[in-house]
Structure formats: structure tokens, C-alpha cells
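Undergrad: can't give you the sequence, but here's the structure:
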């Protein structure tokens, strides 16, 4: 799991959409996979969502007027629990383990800025909120195949901090990975490996370790993102291969890491600055999605969504246009599962729609599915993909996608 686009607080309920297929054999080019009809989520849930291989889901959200953080759970994406208010706070993030253990983290705002968390054991109830740190988030959360979790955040003093939660145990003390940083991203795999990345005024850095601690010395991956506001996203597979995308002044960048921990030289994907999202499958094949300003149509420049693919061991390919000419693209996202299913999504400010492309293992992207709202979150687990839609917020999902 990883996040890089700022999470917004919504006062409206969210909509869930899932991608489903009844075919056991991987079909060509999206032939047997289609997104479900949107299901409205209860309460404030929808800004963050997580799904496991069994199809169980957890979602969280918050609202600006009363600063409440609410969570909801589902075993199938169709029937959801009533929203539960965990605390006052904003910017929640959630994760769910294969056995259904779930963790929620958020930035607390009651009296002072804090980083807080709650845990729901398999089949159990959400715990009373605990404070991980008395400084600001918003935090990110990742969970491994055994249910161990790690949270990461940028502290009020600019430090990159983490805390870990052993399955069935208590949160560790806060660990500081760097004295200063921004553009934080976190990725965790099922074996318990973790990567935290961030930017400084001089470089983009990555630190590799484990969910329960033991991080190495950070390494420089490439030039820095714009300071103080930049974006980065890291993805990690179970073999230890990783991809990192980030924006820098005047370009979108990407780099990959081999299973032995060596990072490649960064590749420039675009000639304009914009957020970059990346995904990597179990074989090490990666994709990056990003935005680039276009001037090929007379009139004002517009922002288009592009992708670049990188088969394992090969260089990044040339940019491929995803959005329609003239449409104003925004918020491009990408996810992949171990079997090689890729899902990419981007918003269109011109038509006020969300466009989603799905590629099954060994196949290519078929026609885009279109929804009349924007994107809150997009996640994938073996056999399941799910997205939450903002504006109206709702969710949808796909089953048996691999």
C-alpha cells in the first residue's frame, strides 16, 4: 500500500465500485472483467480504502465541519457495517491483512495535533484510539501478510518518522529516519519488507527495511521534488523489486529497484512537472502514469494523462497518451497485483468524469470504463480491485481480476 495524492475530507458518503469476472483463465484485453455498479458507502467512509485477497474491505473518511474520523468494513463490498466514529481527526489511511486484521491511522486535531491509530482484530471490534506521536501527520499505513503494520508521517519539525505494530502487540516507540523531508511515500509487501521514500531540497531518497523496524541508511535515488510541496509514490512486490515515481521542477521522474536493493538511474518521463504514480507486479513489470502539458491543439495548453511501461530488466518505454486530446486530466493513479493485472485511472476536468483502464495478466488495456465523478482512492489485492469515487463519494470493485 502507498499513497501520494493528498486525501481530501468529504461530507458526502462515498461510492464503491468493483471489477468482476467469472472467468478463471486470464482473458485478453479486459474481455471478461467489468466494473460493478457503484455502491454508496455509509457515513463519511470513502477517502481511503483497502482490500485483501478474500475480498474483505475497510474504508475510512473524515469531514471538515466536525473533524470526525469514521471507519466502515465489508466482507464483500456490497453490504457495509454502520460507520463507526473513531476520534476527531483528518486525513485517515487504512490497511487490511489477509486474515481481516485492519488498522486505521489519522491526524488527530483534538486540542493539539497528533498521530493516532486504531486496530480491528479479525472478527473483532475497533480498539480505543491511541496516540503514536504528539506531532502532525497526516500518516500513511502499510500491513504485511502476517498482520504486522507500520505507520509513517512527516512530523511538525519536518522529520520523517515511523512506528510499528506487531500483530497482536503494541505500537513501538517512534523511529526517526531523517531529520527533514517531504513528499512522503510508503510501500509494504506481504513478506514484511518496507520502503519509505521522501524528498529534501537536494535529493529524492529511499530507505529500505522491514515493517517491524531495522531500516538501513537512506540512499539517494535522484534529483529532488519541488520543495516544500512535491509528490512521490513507491510500489514494492514480494520479490523485493520496486518502482518509484516523483515530480521535479520541469519533469516527471521514475526509477526502479532490483531485488538486491540497487536503484537504477532515474529516467525522465515527461517535460513538465506533475504527480507520478507507479505500480509493479510480481514479475517486476512496472508502469508509471503521469501528466504532461500539451499544446498540439490550437488555443490554451491542456494537461493530458500518459503512461510509460517498463518490462522487468528493460528501460522505460516512450509515453503513451491515455486521455482524449483536449481533455484536462488530473490525479492519474495505478495499481498492480502479483499475477500481472494492472489498473490505471485518471480524472477529466473537462467532462467531469473518471476514466479507468484494466489490463489482465499478459493482456493489454481495453476500452476505458467511465464514471461521472472523481477518484478518491484505488487499491488492488490478488483477485480484487476497488476504487472509491468522490464528489458523490461511492465505491466499485472487480472480482477475480487475475
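TA: Yes, it's here. Since we're looking at a predicted model, the values are computed, not measured.
Undergrad: Could you check how far residue 39 is from residue 280?
TA: 29 Å (CB to CB, to the nearest Å). For the C-beta atoms, the positions are set from N, CA and C on the backbone; glycine is no exception.
Undergrad: When those two are compared, which one has more neighbours?
TA: residue 280 (29 against 20; other CB atoms under 10 Å).
Undergrad: Does the more buried one touch residue 238 like I think?
TA: No - judged on CB atoms under 8 Å, residue 280 makes no contact with residue 238 at a distance of 10.3 Å.
Undergrad: quick one: the strands in the stretch 51-200 of the chain?
TA: In the stretch 51-200 of the chain, the strands defined using DSSP state E, counting those that start in this stretch lie at 57-62, 68-74, 84-96, 102-108, 114-120, 130-133, 140-143, 149-154, 160-165, 175-178, 182-188, 193-199.
Undergrad: Identify whichever of the ones you listed lies nearest to residue 229.
TA: strand 182-188 (7.4 Å; CB to CB).
Undergrad: now the angle between strand 160-165 and the closest one, please.
TA: Strand 182-188 and strand 160-165 are oriented at 30 degrees to each other (axes from the mean of the first three to the mean of the last three CA atoms, to 10 degrees).
Undergrad: Now do the helix or strand where residue 246 lies and strand 182-188, the angle between them.
TA: In the assignment (DSSP states H and E), residue 246 maps to strand 242-248. Interaxial angle of strand 242-248 relative to strand 182-188 (the same axes, to 10 degrees): 170 degrees.
Undergrad: Neighbouring strands - and their directions - for strand 242-248?
TA: Here strand 242-248 is paired, per DSSP bridges, with strand 232-236 (antiparallel), strand 251-257 (antiparallel).
Undergrad: and the ones you listed, which is most packed in?
TA: For these, the largest average neighbour count (mean count of other CB atoms under 10 Å) is found in strand 232-236, namely a mean of 27.
Undergrad: So which residues make contact with that one?
TA: Applying CB atoms under 8 Å, 6 or more residues apart in numbering, the contact partners of strand 232-236 are 2-4, 183-189, 193-199, 204, 206, 225, 242-247, 275-280, 286, 336.
Undergrad: Let's see that with 6 Å instead.
TA: The contact list for strand 232-236 (CB atoms under 6 Å, 6 or more residues apart in numbering) reads 2, 4, 183, 185, 187, 189, 195, 197, 242-246, 277-280.
Undergrad: same question, stretch 132-143
TA: Contacts for stretch 132-143 (CB under 6 Å, 6+ apart): 1, 3, 91, 93, 95, 97, 103, 105, 107, 113-115, 117, 149-153, 155-156, 163, 171, 174, 186, 188.
Undergrad: Please pick the buried ones from these.
TA: The neighbour count (16 or more other CB atoms under 10 Å) marks 1, 3, 91, 93, 95, 97, 103, 105, 107, 113-115, 117, 149-153, 155, 163, 171, 174, 186, 188 as buried among those.
Undergrad: circling back: just send the strands paired with strand 242-248 back as JSON lines, with distance to residue 358 and mean pLDDT too.
TA: Below are those laid out as JSON lines (distance: least, CB to CB, whole Å; pLDDT from 0 to 100):
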{"stretch": "strand 232-236", "distance to residue 358": "17", "mean pLDDT": "97"}
{"stretch": "strand 251-257", "distance to residue 358": "22", "mean pLDDT": "95"}
